[in-house]
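>>> Sequence first, predicted coordinates after that:
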Amino acid sequence: MSYKVEKDWKLNGLRCVVMMTDLGHRCGYVGISKENKLYKVGYSDKPKFLQKELKKLKKSDIGKRGILSVFCWNGEEVSPEILFDVHGGITFSGGGYHSKYPVRSNLWWFGYDCAHAGDGKDLSNVNDAVRKVARMFPNTDPIRSLEYCIVECESLVKQIKLLT
């Protein structure tokens, strides 16, 4: 999969990136440094330090979390994919020393994507072959704009900052 970075900025000391995939969907990422206790925590990992969030999590709404992670949650352990309330839930974690994805850095990234059921494709950002196939199957689902993804990244920054 190829992609282009549409926005790369910092908010409250954390780096944020929104990119457009070659399939017409946006993805958003927030990067943390190795000093952050979430560094190298996978999105489905259940580190002990997140357990203190269990009571608050049980009282919260489903929000924008991914439906699969919500239905598969055991209700007793806390992972980033169930804790962070962003569009479709956290669907990526990774990075580290000289990572190239989503941008070259030494950061650990948590990301979400806008390629779920109910998310439309931005056909202005795909190649002719993808556009041709997509037109055969019209999609009226809303396209998640760059502005929408910026707001989601900024929400994720606030949630990460509340933990650290």
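Nice, thanks for sending it over.

>>> Only C-alpha atoms from now on, for both contacts and neighbour counts.
OK.

>>> now the strands: where do they sit in the chain?
3-11, 14-21, 26-32, 92-95, 108-113 (DSSP state E).

>>> The last one packs against which elements?
So the one you mean is strand 108-113. strand 26-32, strand 92-95 (3 or more Cα pairs under 8 Å, 6 or more residues apart in numbering; DSSP states H and E).

>>> The first one too?
Judged by 3+ Cα pairs under 8 Å, 6+ apart, strand 3-11 is in contact with strand 14-21, helix 146-163.

>>> The shortest one now?
Under the contact criterion of 3+ Cα pairs under 8 Å, 6+ apart, strand 92-95 touches strand 108-113.

>>> Can you check the pLDDT for the residue lying farthest from the centre of the chain?
The C-alpha centroid of the chain is most remote from residue 136, which lies 28.8 Å away (Cα atoms, centre = their mean). If you check residue 136, the pLDDT there is 79.

>>> circling back: of all the strands of the chain, which one is nearest residue 70?
Closest to residue 70 of those is strand 108-113 (Cα to Cα; 15.0 Å).

>>> The helices and strands packed on strand 3-11: which one's closest to residue 125?
Of all the helices and strands packed on strand 3-11, strand 14-21 sits nearest to residue 125, with 7.5 Å by Cα to Cα.

>>> rewinding a little: as TSV, the strands of the chain with distance to residue 66, mean pLDDT and mean neighbour count would be great.
TSV is the format used below for the strands of the chain (distance: least, Cα to Cα, whole Å; pLDDT from 0 to 100; neighbours: other Cα atoms under 10 Å):
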stretch	distance to residue 66	mean pLDDT	mean neighbour count
strand 3-11	23	95	14
strand 14-21	19	96	22
strand 26-32	14	97	28
strand 92-95	12	95	20
strand 108-113	10	97	26
